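Engineer: Make a model of this:
(chains A and B)
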Amino acid sequence: AQSVSQHNHHVILSEAASLELGCNYSYGGTVNLFWYVQYPGQHLQLLLKYFSGDPLVKGIKGFEAEFIKSKFSFNLRKPSVQWSDTAEYFCAVNVENTDKLIFGTGTRLQVFP
Amino acid sequence: NAGVTQTPKFRILKIGQSMTLQCTQDMNHNYMYWYRQDPGMGLKLIYYSVGAGITDKGEVPNGYNVSRSTTEDFPLRLELAAPSQTSVYFCASSYPRDSPLNTEAFFGQGTRLTVV
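Structural biologist: So this is what the prediction gives:
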């Protein structure tokens, strides 16, 4: 069955540190990939997405992600985090020939000043 | 443009009671989804719909029912509430995966449900 794995459950960083959050999925076909962010008490908002083309995608607020098909991965990165990046981050996958949008378990990021 | 609207925002139910969580979208999206979010578990898909009159089970459908009589509305029904259904529920909508209009799934603000 289609699944999404986020191995970092809780990440604690100081401001200006670099961030990389892992995301792996289990399907070998064509995929649409997403990273969503959920700020405390709010609903999910799209950070960035990959449908096709350049595997390095840039999103809002300085985030980027790289799709590596051979590794079934779509890791999220940011060179320098800010206190305002404190939130929960979710990776999601939408696979061809299925109508489901499946989410990972999320990574809670805490950034301290 | 309201996007995806969920009501109510909060609700406390007693065990065995029933209720309907409402979800409406005004973006003319074909696809609609219901998720539940539990700490450390991420979002689990309960039910989804690819259009009016069509619904299908997701990862955790037990204890829930849905209907999709119109494009706009996708209510989620809990018939006999149980403590295990205490969660935050999110509704989302999107265009089909391979539609040129598809950009992302849009989420409602969530419904926090407590069953006591």
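
Engineer: Tell me the bridge partners for the spatially most central residue of chain B.
Structural biologist: By C-alpha atoms, centre = their mean, the mean C-alpha position of chain B lies nearest to B:W34, the distance being 2.6 Å. Beta-bridge partners recorded for B:W34 (DSSP bridges): B:Y47, B:C91.

Engineer: For the closest residue to A:L101 other than its chain neighbours, grab the count of nearby residues.
Structural biologist: Setting aside the residues directly before and after it, A:L101 is nearest to A:N94 in space (C-beta to C-beta, 6 or more residues apart in numbering or on different chains), at 4.9 Å. For glycine as for every other residue, the C-beta is placed from the backbone atoms N, C-alpha and C. As a burial measure, A:N94 scores 26 neighbours (other C-beta atoms under 10 Å in any protein chain shown).

Engineer: Can you tell me the element A:N94 falls in?
Structural biologist: In the assignment (DSSP states H and E), A:N94 maps to strand A:87-95.

Engineer: List of residues touching that strand?
Structural biologist: A:2, A:4, A:6, A:21, A:23, A:25, A:27, A:29-40, A:44, A:47, A:74, A:76, A:100-104, A:106-109, B:42-43, B:97, B:105 (C-beta atoms under 8 Å, 6 or more residues apart in numbering or on different chains).

Engineer: Can you find the helix or strand of chain A with the lowest average pLDDT?
Structural biologist: strand A:101-103 (a mean of 91; mean pLDDT, DSSP states H and E).

Engineer: so what strands line up beside it?
Structural biologist: strand A:87-95 (antiparallel).

Engineer: pLDDT of the strand it pairs with, averaged?
Structural biologist: For strand A:87-95, mean pLDDT rounds to 93.

Engineer: likewise stretch B:25-38?
Structural biologist: Mean predicted confidence for stretch B:25-38 is 95.

Engineer: Got the phi and psi for the residue lying farthest from the centre of chain B?
Structural biologist: Distance from the centre of chain B peaks at B:P100, with 24.4 Å (C-alpha atoms, centre = their mean). Backbone torsions for B:P100, taken as degrees, to the nearest 10, come to phi -60, psi -20.

Engineer: Quick one: name the residues of chain B near chain A.
Structural biologist: B:31, B:33, B:35, B:40-45, B:48, B:50, B:56, B:58-59, B:90, B:92, B:94, B:96-98, B:102-105, B:107-110 (C-beta under 8 Å from any C-beta of the partner chain).

Engineer: Next, check those against the helices and list the overlap.
Structural biologist: The subset of the residues of chain B next to chain A located in helices under the criterion DSSP state H is empty.

Engineer: Of the residues you listed, keep whichever come out buried.
Structural biologist: B:31, B:33, B:35, B:42-45, B:48, B:58-59, B:90, B:92, B:94, B:97, B:102, B:104-105, B:107-108, B:110 (16 or more other C-beta atoms under 10 Å in any protein chain shown).

Engineer: and B:R68, what is it in contact with?
Structural biologist: Applying C-beta under 8 Å, 6+ apart, the residues contacting B:R68 are B:32, B:49, B:51-55, B:74.

Engineer: Rebuild those as a markdown table, extending it with neighbour count.
Structural biologist: Converted to a markdown table, those look like this (neighbours: other C-beta atoms under 10 Å in any protein chain shown):
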| residue | neighbour count |
| --- | --- |
| B:M32 | 27 |
| B:S49 | 21 |
| B:G51 | 14 |
| B:A52 | 16 |
| B:G53 | 10 |
| B:I54 | 12 |
| B:T55 | 19 |
| B:F74 | 29 |
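
Engineer: Grab the nearest non-local neighbour of residue 97.
Structural biologist: In the absence of a named chain, this looks at chain A. A:G29 (7.2 Å).

Engineer: wait, I meant chain B there
Structural biologist: A:N94 (5.1 Å).

Engineer: Alright, calling it a day.
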